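Undergrad: structure for the following, please:
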Amino acid sequence: MQLQQLRYFVAVAETRHFTRAAEAAHVAQPSLSQQIRALERELGAELFHRTRGNIALTDAGDALLPLARRILADTESARLAVQETVQLRRGRVRLGAPPSLCTSLVPDVLRVFRDRYPGVALLVREGGSRDLVRTLAAGELDLALIITPPSGEAAPALDVTELLHEELVLVSRSAEGRRRKVRVAELRGRPLVMFREGYDVREATLEACRAAGFEPEFAVEGGEMDAVLGFVGAGLGPAVLPGMVAARSGLAVTPFAGPGLGRTIAVAHGREVPLTRASAALRETLLAHLRDAARDGDLPPGTRLLLA
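TA: Numbering: from 1, shown residues only. From the prediction side, this is the model:
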């Protein structure tokens, strides 16, 4: 049974005339009649009483008509659903990002994307870069913003595009004595507000302090991004933060003296799984947003675009 045969059958049932049905279906009348006969042979029953000047449905035709109409309606609904998805009137994107980027970069990008494609559902998962890489490789995310390891080696199953190099800065409730920069070594003996384990900023801070010859002290430890900002604002101590977060925090920001602290932000997706149109559109929105921000001078100080 073919959809075209059902369309011809419905056309004849509605016009009660083979010639007029053929004209409505834009097909030659002999071809339409042949397809109706083939349908009747497949079903093992005549669908029309054919008498001179009069076409009427048989009992089998009466039984088939509502089912045929429903099948054709469902087929049209399926066609429209696929077309809407292809044209990005519908769809879904599963995006992963570290909390620091959910606080800074991600909201601006999603706002632009949402304005362009309001019918596409957005699902965001926060997590550490290592967790996001595993989740992405397992196919549970479409895209992820990750922090690349210092070695630059990414998971082989992922396609990774480096986006930005972002400086890490020191934030505190009050300015660092009007100093323009601070050295990592000056954090010795200063209790810090520290993120929980799993944050790449925590690992970068610990690594820098140990490279400077000391183990950092903590005023309070174990916070998520909002908690760390709140603790610093309450005066519990300074914290090392990504520059894009610090720029929005309302806290006093002091950059580190060279070579300083930094991290590389990248966008990744599964190498073996092609991006959906919606995911590809979000990726392009992200890249265009960063290029526009760099061109207009809107990137925070110390943040450098790595895209060509």
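Undergrad: quick one, helices of the stretch 101-250 of the chain?
TA: 105-116, 129-137, 200-211, 225-233, 243-249 (DSSP state H, counting those that start in this stretch).
Undergrad: tell me the helices and strands packed up against the shortest one.
TA: Other helices and strands packing on helix 243-249, by 3 or more Cβ pairs under 8 Å, 6 or more residues apart in numbering; DSSP states H and E, are helix 99-103, strand 158-172, helix 225-233, strand 252-255. Bear in mind the C-beta positions are built from the backbone N, C-alpha and C, glycine included.
Undergrad: now with 7 Å?
TA: Packing contacts for helix 243-249, counted by 3 or more Cβ pairs under 7 Å, 6 or more residues apart in numbering; DSSP states H and E, involve strand 158-172.
Undergrad: next one: the strand it packs on to chain centre, how far?
TA: 19 Å (Cα atoms, centre = their mean, to the nearest Å).
Undergrad: that one: which residues count as buried?
TA: For strand 158-172, the neighbour count (16 or more other Cβ atoms under 10 Å) marks 158, 160, 162-172 as buried.
Undergrad: could the helices of the stretch 101-250 of the chain be laid out in JSON lines, adding mean pLDDT, mean neighbour count and distance to residue 31?
TA: Below are the helices of the stretch 101-250 of the chain laid out as JSON lines (pLDDT from 0 to 100; neighbours: other Cβ atoms under 10 Å; distance: least, Cβ to Cβ, whole Å):
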{"stretch": "helix 105-116", "mean pLDDT": "94", "mean neighbour count": "16", "distance to residue 31": "45"}
{"stretch": "helix 129-137", "mean pLDDT": "86", "mean neighbour count": "20", "distance to residue 31": "52"}
{"stretch": "helix 200-211", "mean pLDDT": "91", "mean neighbour count": "18", "distance to residue 31": "67"}
{"stretch": "helix 225-233", "mean pLDDT": "92", "mean neighbour count": "19", "distance to residue 31": "67"}
{"stretch": "helix 243-249", "mean pLDDT": "88", "mean neighbour count": "22", "distance to residue 31": "65"}
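Undergrad: now these in CSV, with distance to residue 30?
TA: Below are the helices of the stretch 101-250 of the chain laid out as CSV (distance: least, Cβ to Cβ, whole Å):
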stretch, distance to residue 30
helix 105-116, 50
helix 129-137, 57
helix 200-211, 72
helix 225-233, 73
helix 243-249, 70
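Undergrad: compare those and give me the one nearest residue 43.
TA: Closest to residue 43 of the helices of the stretch 101-250 of the chain is helix 105-116 (Cβ to Cβ; 48.2 Å).
Undergrad: just want the angle from that closest one to strand 158-172.
TA: Computed by axes from the mean of the first three to the mean of the last three Cα atoms, to 10 degrees, the angle separating helix 105-116 from strand 158-172 equals 120 degrees.
Undergrad: residue 237 and residue 287: what is the separation?
TA: 37 Å (Cβ to Cβ, to the nearest Å).
Undergrad: now swap in residue 138 and tell me
TA: For residue 138, the distance to residue 287 - Cβ to Cβ - is 25 Å.
Undergrad: can you check residue 52 too?
TA: In terms of Cβ to Cβ, residue 52 sits 70 Å off from residue 287.
Undergrad: looking at those two, which is more packed in?
TA: residue 287 (16 against 4; other Cβ atoms under 10 Å).
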